[in-house]
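1. Here's my sequence, what's the structure:
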Amino acid sequence: MSNAIASRLNETLKDIRWKSRVVIFFCGALLNRRRLRHTTFIGITGSAGKTTTKDLAAAILERFGPCHRNSITANEHYHIFRTVATAARIHRYCVVEASATRPGYLDRSIQVIRPDISAVTLIAREHYSAFKQLEAIAEEKRKLVAALSPTGVAILNIDDPLVRAIGERHHGRIIWVGKDQRADLRLLSCRSMWPEPLTLELCHSGQTTEVRTRLHGAHLALPVAMAVGIGLAIGATVAEAAVALAEAEGTEARMQVETIDGVTFVRDDWKAPQWSLQAPFDFMRDARASRKIIVIGSISDSPKSPTQRFRHAAREALKAVDLVLLVGTSALEALRAGIGPEDANRSKAFTSVREAAEFLRSELRAGDLVLLKGTAKQDHLARLMFDRRNPVQCWRASCGMPDNCDRCARLYEPSAPLASSTMSQTLTTAESIVIGLGNPGDKYSRTPHNVGYSLVDSLASIESNWASDPDGMIITVDLAGEAITLLKPASDINSVGPVIRRFLHRTGRAIQDCIIVHDDMDLAIGSCRAKRGGGDGGHKGVRSIITALGTDDFRRVRIGVRRSGDAQRALDLVLSDFKAADEALLKNGLSRAKAQLLSMTARTTPATDTAQALDC
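-> Model (predicted):
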């Protein structure tokens, strides 16, 4: 059996095992929920604040009985099923946060949670690309409230118009939380000025209570108040909740504070949607420290390009602190385009976390307050903090690991793989990696879906030593004086994402080092187009890559394959052989794509391919 076939079989078996575990826990959760008649189930959703609300609510509930909950941000189907399936009769409460990544996603979660208490924090542009409208996001979140029994209780943020609209359609009991005078649990004031922690004044039934916490950031007042509202729903008083909250620790990577060798880091690096940046920036603006620094990584949920996101974020951050660091492939371009000369000394840009770490090793000094704001699955900015404690060795980009770095055995292992072959050693020196998409097997060789394979084959035509790799066929060639690695992934085109992710992890490279070559049914045969970033354009292979790596920030060369006047569905065309009459046009398109690739990989070529789509 060839390595390519073995690799595909292994991926298939992994997928089967994973889906089997999901089904097992789903069935177990359904059965277990039915028998836990004396356990109160609390479901929490919203675009932000779910995890902090869950953790604080659990801290309150544990004072009244054993409480079970999902860990950290494990809020998707598998984790929810597992949480409910593993709850026991000893548990008086079970708190479950539930995400809604796309329309209909909450349905299965609600089926197993069957909440007695439902909480909705706020509605914002989280997963906006899947929902398109805020109202659609709100409608999905509303399902958790609609699932309540007649005796259930909804905890709702009265200050959010979309959440308030959810409550206005609900006929059951509601505990309204917020600053609005109509709130049942009213937030009268909150203050959080570093180094002092967050303190709130809450009013319920005419009585005002001061709630002291160990948290930082005024924007965490909402999760605190929501947790107190959940406490009220089970019969606790605000004073009893305040006692529990005074001892509760903050949630990991949500304004989490740690001081190492005199430097204080504020980790707010779990996710960074564009709309969420201002609150931590305001915290830094009001903080008291000898010097204040903000490090900004990947920014999500914005219609802006990566460069525009960085530029906007940098301008706002510079209003709050002494020094701003941008980290990412678009950081340098954003800095050049959007920072005035008066701020040149207060802003730095780095294409990788490793480069930022090397700068901070000599830059940081005792008394600094450093905010890390990014997206954990893409950046792992926490390595900047861990590096001050002990020199980090792993600087992998796009590793795909969702967990925190300090729980990863690779944190202090070298980033580069152990190269046991000439091919592995050559790969580390290649400037770019060109990945041609296609379907393995001779029967697909002349189909539109395989033009990515065809192009890399033509680039390697002067070579004969393609090597078998666990993730496909690979070769490093010299093109116009540059070392370029070519890869044909051993996967059908629609499922190529996990294979590319594994290849990058194994070789210590980033998707930003790669150029993806694929067919495009929207372009006429004989044409091509190059661009960086953007959506999948309906191409399932590109969609698989974006999903597996959690980013769309990579270069693509799209080769046109649609015949003039052909109205057939893309599904009917992509796996049909080209006709003899198409050969000349196809050859022309491949030639244009090859020329475009050569210009994109040349060191002397300006980085103009990063923002705009280029016709060729």
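2. For the stretch 351-500 of the chain, which segments count as strands?
-> Taking DSSP state E, counting those that start in this stretch as the test, the strands found in the stretch 351-500 of the chain are 368-373, 432-436, 467-469, 472-479, 482-489.
3. can you give me the angle the host helix or strand of A595 makes with strand 482-489?
-> Using DSSP states H and E, A595 sits in helix 583-601. Between helix 583-601 and strand 482-489, the angle comes out at 130 degrees (axes from the mean of the first three to the mean of the last three CA atoms, to 10 degrees).
4. CA atoms only: put helix 583-601 into CSV for me.
-> What follows is helix 583-601 as a C-alpha-only set of coordinates in CSV (Å, rounded to 0.1, in the frame of the first residue of the first chain):
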residue,chain,number,x,y,z
GLU,A,583,-6.8,21.9,-24.9
ALA,A,584,-5.3,25.0,-26.5
LEU,A,585,-7.3,27.4,-24.2
LEU,A,586,-6.3,25.3,-21.2
LYS,A,587,-2.7,25.3,-22.1
ASN,A,588,-2.9,29.1,-22.4
GLY,A,589,-4.4,29.4,-18.9
LEU,A,590,-1.8,27.1,-17.4
SER,A,591,1.0,29.2,-19.0
ARG,A,592,-0.5,32.4,-17.6
ALA,A,593,-0.8,30.8,-14.2
LYS,A,594,2.8,29.6,-14.3
ALA,A,595,4.0,33.2,-15.1
GLN,A,596,1.9,34.5,-12.3
LEU,A,597,3.4,32.0,-9.8
LEU,A,598,6.9,32.9,-10.9
SER,A,599,6.2,36.6,-10.2
MET,A,600,4.6,35.8,-6.8
THR,A,601,7.6,33.7,-5.7
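5. which other helices and strands contact that helix?
-> Judged by 3 or more CB pairs under 8 Å, 6 or more residues apart in numbering; DSSP states H and E, the packing partners of helix 583-601 are strand 432-436, helix 451-459, strand 514-524, strand 528-532, strand 555-562. No exception for glycine: its C-beta is placed from N, CA and C like everyone else's.
6. what lines up beside the third one in the sheet?
-> Think strand 514-524. strand 432-436 (parallel), strand 555-562 (parallel) (DSSP bridges).
7. looking at the strands of the stretch 351-500 of the chain, which is closest to L198?
-> When these are compared by CB to CB, strand 368-373 sits nearest L198, at 15.6 Å.
8. Centre of the chain to that closest one, how far?
-> Relative to the mean C-alpha coordinate of its chain, strand 368-373 is positioned 20 Å out (CA atoms, centre = their mean, to the nearest Å).
9. count of residues packed around W395?
-> As a burial measure, W395 scores 19 neighbours (other CB atoms under 10 Å).
10. In TSV: the strands paired with strand 514-524, plus distance to D522 and mean pLDDT.
-> Output for those, formatted as TSV (distance: least, CB to CB, whole Å; pLDDT from 0 to 100):
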stretch	distance to D522	mean pLDDT
strand 432-436	19	90
strand 555-562	7	88
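11. Mind putting those into a markdown table with distance to A58 and mean neighbour count?
-> Listed next are the strands paired with strand 514-524 as a markdown table, based on distance: least, CB to CB, whole Å; neighbours: other CB atoms under 10 Å:
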| stretch | distance to A58 | mean neighbour count |
| --- | --- | --- |
| strand 432-436 | 44 | 25 |
| strand 555-562 | 44 | 25 |
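12. possible to save these as CSV with distance to A548?
-> Listed next are those as CSV, based on distance: least, CB to CB, whole Å:
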stretch, distance to A548
strand 432-436, 13
strand 555-562, 15
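13. out of those, nearest to G472?
-> Nearest to G472, of all the strands paired with strand 514-524, is strand 432-436, at 8.8 Å by CB to CB.
14. Could you list the low-pLDDT ranges of the stretch 51-200 of the chain?
-> Low-confidence segments of the stretch 51-200 of the chain, defined by pLDDT under 70, are absent.
15. Show me where it has its strands.
-> Per DSSP E, counting those that start in this stretch, the stretch 51-200 of the chain carries strands over the ranges 67-69, 93-97, 117-120, 153-157, 173-178, 185-191, 199-204.
16. so which of these comes closest to M385?
-> Among the strands of the stretch 51-200 of the chain, strand 93-97 comes nearest to M385, with 25.0 Å by CB to CB.
17. For F554, which of the strands of the stretch 351-500 of the chain is the nearest?
-> For the strands of the stretch 351-500 of the chain, proximity to F554 was assessed by CB to CB; strand 432-436 is nearest, at 9.4 Å.
18. Give me the residues contacting that closest one.
-> Under the criterion CB atoms under 8 Å, 6 or more residues apart in numbering, residues 427, 452-457, 459, 482, 484-489, 500, 509, 513-518, 597, 600-601 lie in contact with strand 432-436.
19. Next: stretch 405-412.
-> H380, A382, R383, F386, N390, P391, V392, Q393, C394, R396, C399, M401.
20. redo that, cut-off 10 Å
-> Residues outside stretch 405-412 that contact it (CB atoms under 10 Å, 6 or more residues apart in numbering) are 252, 376, 380-383, 385-387, 389-394, 396, 399, 401, 404, 505.
21. Look at that stretch and report the distance between its end residues.
-> 10 Å (CA to CA, to the nearest Å).
22. Settle this for me: E355 is touching A349, isn't it.
-> Yes: E355 lies in contact with A349 (CB atoms under 10 Å); the separation is 9.2 Å.
23. Could you tell me which residues touch both of the two?
-> Contacts common to E355 and A349, judged by CB under 10 Å, 6+ apart, are L325, V327, A331.
24. Mark which of these are buried, thanks.
-> In terms of neighbour count (16 or more other CB atoms under 10 Å), the buried residues within these are L325, V327, A331.
25. Among those, which one sits closest to N32?
-> The nearest one, if we look at the buried ones among the shared contacts of E355 and A349 relative to N32 and count by CB to CB, is V327, at 43.5 Å.
26. Help me confirm that the closest one comes into contact with E358.
-> No: using CB under 10 Å, V327 is not in contact with E358; the gap is 11.9 Å.
27. what is in contact with these two at once?
-> Contact criterion CB under 10 Å, 6+ apart; residues shared by V327 and E358: F350, S352.
28. The shared contacts of E355 and A349 in helices, which ones?
-> Per DSSP state H, helices hold the following members of the shared contacts of E355 and A349: A331.
29. Low-confidence ranges, the protein, go.
-> In the predicted model, the chain carries pLDDT under 70 at residues 1-8, 11, 337-342, 397-403, 414-431, 461-465, 480-481, 564-575, 602-616.
30. and the lengthiest helix in it, what does it pack onto?
-> Ranked by residue count and defined by DSSP H, the top helix of the chain is helix 3-35. For helix 3-35, the elements it packs on are helix 77-85, helix 106-113, strand 467-469, strand 472-479, strand 482-489, helix 497-507, judged by 3 or more CB pairs under 10 Å, 6 or more residues apart in numbering; DSSP states H and E.
31. Check which helices and strands the longest one is in contact with.
-> Read that as helix 497-507. Looks like helix 497-507 contacts helix 3-35, helix 422-429, strand 432-436, strand 467-469, strand 472-479, strand 482-489, strand 514-524, helix 540-549 (3+ CB pairs under 10 Å, 6+ apart).
32. need those in CSV with distance to D442, can you?
-> Below are the helices and strands packed on helix 497-507 laid out as CSV (distance: least, CB to CB, whole Å):
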stretch, distance to D442
helix 3-35, 13
helix 422-429, 24
strand 432-436, 16
strand 467-469, 17
strand 472-479, 14
strand 482-489, 13
strand 514-524, 18
helix 540-549, 19
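33. Can you tell me which of the ones you listed is nearest to K587?
-> Of all the helices and strands packed on helix 497-507, it is strand 514-524 that lies closest to K587, at 14.3 Å by CB to CB.
34. Only the buried residues of the closest one, if you could.
-> Per 16+ other CB under 10 Å, strand 514-524 contains these buried residues: C514, I515, I516, V517, H518, D519, D520, M521, L523.
35. among those residues, which two are most distant?
-> C514 and M521 (22.1 Å).
36. Please name the bridge partners of S300.
-> Taking DSSP bridges as the rule, S300 bridges to P273.
37. Going forward, count from 37.
-> All right, first residue 37 from here; so that's S336.
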